[in-house]
Each structure stands twice: as structure tokens, then as C-alpha cells.
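>>> Generate coordinates for the sequence data below:
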Amino acid sequence: MELILNILAVALVGAAAYFYFGGGDWDRIFACLVLASCSFFLSMRFRIKKRLAEYHAQQAETGEEPPAD
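Numbering: from 1, shown residues only. Predicted structure coming up:
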């Protein structure tokens, strides 16, 4: 899922550059950049969520307590 969202983000940034250099359609540029940033941050969310799940599984496996907040 992370890879798909990162590819989508890159494609949308490319589309925004195309609209910028192709005549400056600011509404489309804005929409592409907003969707690209959302896609990027969603991919980061999935990556962080996966790392946290791995960390908690490792903690449960070794029997250590997670650090207190």
C-alpha cells in the first residue's frame, strides 16, 4: 500500500508540473499538489503504523514492557 501511495504522489506531482509548464492552470495544479501531499502523508501513516506493530510484536515476544509515556 505504501508503494502504491508513493507512486501516486509522484505521478500527481508530475501532473502538477505538466499543468504548470503547460499553461499555468492554477486550479489543477493546486488540486494535484493537495492530492499528492495527502497521498504522501497517508503512505507515511501506513509505514509508521507497520513499524509500531512490529515493535509491539517484538516487545511481546521478548516479554519486555513498553516504555512509559
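
>>> C-alpha only now, for contacts and for neighbours.
Fine.

>>> So for residue 12, what's the pLDDT?
With respect to pLDDT, residue 12 scores 96.

>>> same question, residue 65
Per-residue confidence at residue 65 stands at 70 (pLDDT).

>>> Tell me the secondary structure at it.
Using DSSP: H, G, I helix; E, B strand; the rest coil, the structure places residue 65 in coil.

>>> and residue 30, how many residues sit next to it?
Other residues lying near residue 30 total 14 when counted by other Cα atoms under 10 Å.

>>> Excluding chain neighbours, what is closest to it?
residue 16 (7.6 Å; Cα to Cα, 6 or more residues apart in numbering).

>>> Residue 2 contacts residue 50, correct?
No. In this structure, residue 2 is not within contact of residue 50 by Cα atoms under 8 Å, at 10.2 Å.

>>> Between these two, point out the one with more neighbours.
Set side by side, residue 2 and residue 50 show more neighbours around residue 2, with 16 against 11, by other Cα under 10 Å.
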